[in-house]
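**Student:** Okay, predicted coordinates and the sequence, questions at the end:
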Amino acid sequence: MSTHSCNHSSQHAHSSGAAHQHAHGNAPLRNYLAGVVLFIVALMVPQVLIKDLLYSGAILLSGYHIIWEGIEDTVNDSRKSRKFRPNVHLLMTLAAFGSVLIGNFNEAALLILIFAGAHFLEDYAEGQSRKEITNLLKLNPTEARLVMADGSIKQVPAEQVKKGDTLQVLPGDQIATDGRILSGISSINEASINGESIPREKTVGDEVFGSTINGTGTFMMEVTKDSSETVFAKILSVVESAQTNQSKTETRIKKIEPIYVTTVLILVPLFILTAPFLFGWDWSTSFYRGLVMMISASPCALAASAVPASLSAISNLAKRGILFKGSSYLANMGQTKVAAFDKTGTLTMGKPQVTDVYFDEQASEQQRQEWASLILAMEKQANHPLAAAIVSHFEKQTGVQAISLTANNEIGSGLTTVVAGKAYRIGKPSGTLQSTFTKQKESLEQAGKTVVLFSVDEQPVGLIALMDLPNPQAKGVIDELKQAGIRTVMITGDSQAAGEAIGEQLGVDQVAANVLPENKAQIIQQLQQEFGQTVMVGDGINDAPALVQSDIGFAMGEGSDVAIEVGDAVIMKNDLTRFTYALKTAKKLDRIIWQNIFFSMFIVALLIVLNLLGKMNIGLGVFAHEGSTLLVLFNGLRMLAPLHQDKESTK
């Protein structure tokens, strides 16, 4: 399951077939150590014949799995693709065999020992890059407490639980599947779903998710999804598919590698045959330098440049509740030119709040309190979307309490009631207003606010202004994107005035207002044509066409099925700072991959030049070759560490 083999076939990078079991079992390691002992003994033995026999034993014991893999994989891959597809193990096997042919048993043994030793280290390094993904898989629930028809509790495997079943959840239990609380109250750690470590209070009627951990309370829940349909199951499928959906760089390296190895296998014999004429070497020197060139030119470091780093980055992000459906999307994100955002629920809180309340200036304080109490009582009986915001606002005011009355919802007129012979109405302004409210109404509407009028006997005495306020994180995120040279665009179905008002507060570069959901994709297309790669950030439901049209669709979802299905990348909690964290991660990944590619090619070029100058031998060549591969791998593992900006971005 590693890329250390440097052939990166999908069989090797993403499966755990028998061919690779050797690298993970104890037997190869024991044999390798036995080979090391034979090599050390050989160094101390004076007789040449015994020395060479011990070196041969070291080669076979330490390198049999390397040699066998080189031959077996070359045969299998060549059969599959119906053309010769060698790998670097074959190069090393040929180099070792060539060294034995010219009597350099010690260098052949050293080559195999270093190569096989690096093999184990590379396995460990790549295992680290997959560790978080493996840990995520371990979070999959295994058991559930099923409430039987007679009321008894039976522990059953989680996969046997069906929709409609009732489950008991005790303190500390892992919730087996998605469902709804029927009775009880508890706090639940939902880190496996949204990356948020602070537990959430849940009570009757609230949704709970499979894989999350119950706190100190006990509750009964009704199962709403089979275990295979849960949000967590979908997260697992996303993370698993991310391992096979590779970036262009990874795919390109994979395609180039067998061609590169084949080229080396053609050039080395040509080099051996022509070197005596070009450099005046004898045939023995030419053959030896050819073997060193074969080792020096091996593309192991190049092959390990991208995959471990990408897997590490995906693991890092998954741990923080940011899911990418493949390293291709993550790699592409680093080249983002435009970030387009849906307004409602993404850049804003998603629900209106009261921002301003004006009453007739001539009214006494007592009268204003009475009106406020009347408004509170009327809105408590309303069903329009602004009612909850108005109720919430006035409930927080001291001295304001709802009085007993009956309000009528009249379409076109708003809320009406009669108290003590006076007719009260709350609704949108219509007709002309008395001059004291005209200016206020106009300035509030210009600021993008929705204005509601309160009147007594059809005489306006108050105005209430409401607005969907910006997400507290949005301004900082927009500023960061602009500093990074990324154009920011807000797309909204609201009026131009409302859109511009929010856009101005946040400092976005462009506002597209009065946009219908079906036309959002068209806006994205225009941005792509004008500026280049465009990322769309939305809630994953009405933004689906735009998310699909964009180069990377970034869905914000509080554990939403739709978000997971629609987005190329998903933030499992509505936290905008995670978007900039993902962007910084993508840029860092891009830097690390190119560092690895340039470094690995530089080492190959350096070793070849030194070899031509006669400054390189087999031992030094394989040491430099394997050392560079390990450096590339460990450089990629830096993607597992949280970014330094993590704390800043989550403030």
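**Tutor:** That came through fine. Residues are numbered from 1 along each chain as shown.
**Student:** List the contacts of D226.
**Tutor:** With CB atoms under 8 Å, 6 or more residues apart in numbering as the criterion, the residues that contact D226 are 161-163, 177. Placement of C-beta: from N, CA and C, glycine included.
**Student:** And the helices in the stretch 201-350 of the chain?
**Tutor:** 231-242, 248-279, 283-296, 300-303, 307-319, 327-333 (DSSP state H, counting those that start in this stretch).
**Student:** Are any of the contacts of D226 buried, and if so which?
**Tutor:** 161, 177 (16 or more other CB atoms under 10 Å).
**Student:** In JSON lines, list the contacts of D226 along with distance to A498, secondary structure and pLDDT.
**Tutor:** Output for the contacts of D226, formatted as JSON lines (distance: CB to CB, whole Å; DSSP: H, G, I helix; E, B strand; the rest coil; pLDDT from 0 to 100):
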{"residue": "V161", "distance to A498": "46", "secondary structure": "coil", "pLDDT": "90"}
{"residue": "K162", "distance to A498": "46", "secondary structure": "coil", "pLDDT": "91"}
{"residue": "K163", "distance to A498": "42", "secondary structure": "coil", "pLDDT": "91"}
{"residue": "T177", "distance to A498": "41", "secondary structure": "coil", "pLDDT": "91"}
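**Student:** List just the nearest of the contacts of D226 to G98.
**Tutor:** T177 (59.7 Å; CB to CB).
**Student:** And the pLDDT for the nearest residue to that closest one once chain neighbours are set aside?
**Tutor:** Sequence neighbours aside, G210 is the residue nearest to T177 in space, at 4.2 Å (criterion: CB to CB, 6 or more residues apart in numbering). The model reports G210 with a pLDDT of 88.
**Student:** Show the model's pLDDT score for the residue positioned nearest the centre of the chain.
**Tutor:** Using CA atoms, centre = their mean, the residue of the chain that lies closest to the mean C-alpha position is L323, 3.2 Å off. On pLDDT, L323 comes in at 83.
**Student:** please begin residue numbering at 165 from this point
**Tutor:** All right, first residue 165 from here; so that's L487.
**Student:** low pLDDT regions in the stretch 165-314 of the chain?
**Tutor:** Within the stretch 165-314 of the chain, the stretches with pLDDT under 70 are 165-190, 285-286, 288-304.
**Student:** The stretch 415-564 of the chain too?
**Tutor:** Counting by pLDDT under 70, the ranges of the stretch 415-564 of the chain that qualify are 415-418.
**Student:** Next, count neighbours for the nearest residue to V641 once chain neighbours are set aside.
**Tutor:** If the residues on either side of it in the chain are set aside, V641 comes closest to L740, at 4.6 Å by CB to CB, 6+ apart. L740 has 22 neighbouring residues, counting by other CB atoms under 10 Å.
**Student:** Run through the residues that contact L740.
**Tutor:** Neighbour list for L740: 510-511, 635, 637-638, 641, 701, 720 [criterion: CB under 8 Å, 6+ apart].
**Student:** Try it again at 6 Å.
**Tutor:** Applying CB atoms under 6 Å, 6 or more residues apart in numbering to L740 gives the contacts 637-638, 641.
**Student:** from those residues, which is closest to E543?
**Tutor:** E543 has its nearest neighbour among these in A638, at 28.2 Å by CB to CB.
**Student:** The closest residue to the closest one other than its chain neighbours: how many residues sit nearby?
**Tutor:** Spatially, and ignoring its direct neighbours in sequence, A638 is nearest to L511 (4.7 Å; CB to CB, 6+ apart). Residues contacting L511 under the criterion other CB under 10 Å number 28.
**Student:** Tell me the bridge partners for the residue nearest to V402 when sequence neighbours are not counted.
**Tutor:** Closest residue to V402 apart from its sequence neighbours, by CB to CB, 6+ apart: L487 at 4.9 Å. Counting by DSSP bridges, L487 forms beta bridges with V734.
**Student:** Roughly how far does L487 sit from K737?
**Tutor:** 11 Å (CB to CB, to the nearest Å).
**Student:** so what's Q610 up against?
**Tutor:** Taking CB under 6 Å, 6+ apart, one finds A661 in contact with Q610.
**Student:** Now do the residue nearest to A638 against I357, distance only.
**Tutor:** Distance from L511 to I357, by CB to CB: 23 Å.
**Student:** these two touch, right, the residue nearest to V402 and V734?
**Tutor:** Yes - the pair L487 / V734 is scored as a contact, 4.6 Å apart, by CB atoms under 6 Å.
**Student:** what residues are up against K586?
**Tutor:** 620-621.
**Student:** Just the pLDDT for it.
**Tutor:** 87.
**Student:** so what secondary structure elements neighbour the helix or strand hosting I554?
**Tutor:** Per DSSP states H and E: I554 is located in helix 551-559. Applying 3 or more CB pairs under 6 Å, 6 or more residues apart in numbering; DSSP states H and E, we find helix 551-559 packed against strand 512-523, helix 529-543.
**Student:** Can you pull out the residues in contact with the first one?
**Tutor:** Applying CB under 6 Å, 6+ apart, the external contacts of strand 512-523 come out as 508, 532, 550, 553, 557, 604, 626-635.
**Student:** Output it in CSV with nothing but the alpha carbons.
**Tutor:** This file holds the C-alpha atoms of strand 512-523, laid out as CSV (Å, rounded to 0.1, in the frame of the first residue of the first chain):
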residue,chain,number,x,y,z
THR,A,512,-24.5,36.4,6.2
MET,A,513,-26.1,34.7,9.2
GLY,A,514,-29.0,33.4,7.1
LYS,A,515,-31.8,34.9,9.1
PRO,A,516,-33.0,38.5,9.5
GLN,A,517,-32.4,40.5,12.7
VAL,A,518,-33.9,43.8,13.9
THR,A,519,-31.4,46.6,13.3
ASP,A,520,-33.5,49.8,13.9
VAL,A,521,-36.7,50.7,15.7
TYR,A,522,-38.2,54.2,15.4
PHE,A,523,-41.3,55.5,17.2
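**Student:** List the residues that contact L277.
**Tutor:** Contact analysis of L277 by CB under 6 Å, 6+ apart lists 203, 226.
**Student:** Am I right that it is in a helix?
**Tutor:** Yes - read with DSSP: H, G, I helix; E, B strand; the rest coil, L277 is one of the residues of a helix.
**Student:** Tell me how far it lies from E236.
**Tutor:** Going from L277 to E236 by CB to CB gives 21 Å.
**Student:** need the contact list for the residue nearest to A638.
**Tutor:** Applying CB under 6 Å, 6+ apart to L511 gives the contacts 505, 635, 638, 654.
**Student:** among those residues, which are in strands?
**Tutor:** Among these, the members found in strands (DSSP state E) are 505, 654.
**Student:** Now tell me which of the contacts of L511 the prediction trusts least.
**Tutor:** Lowest pLDDT of these: N635, 85.
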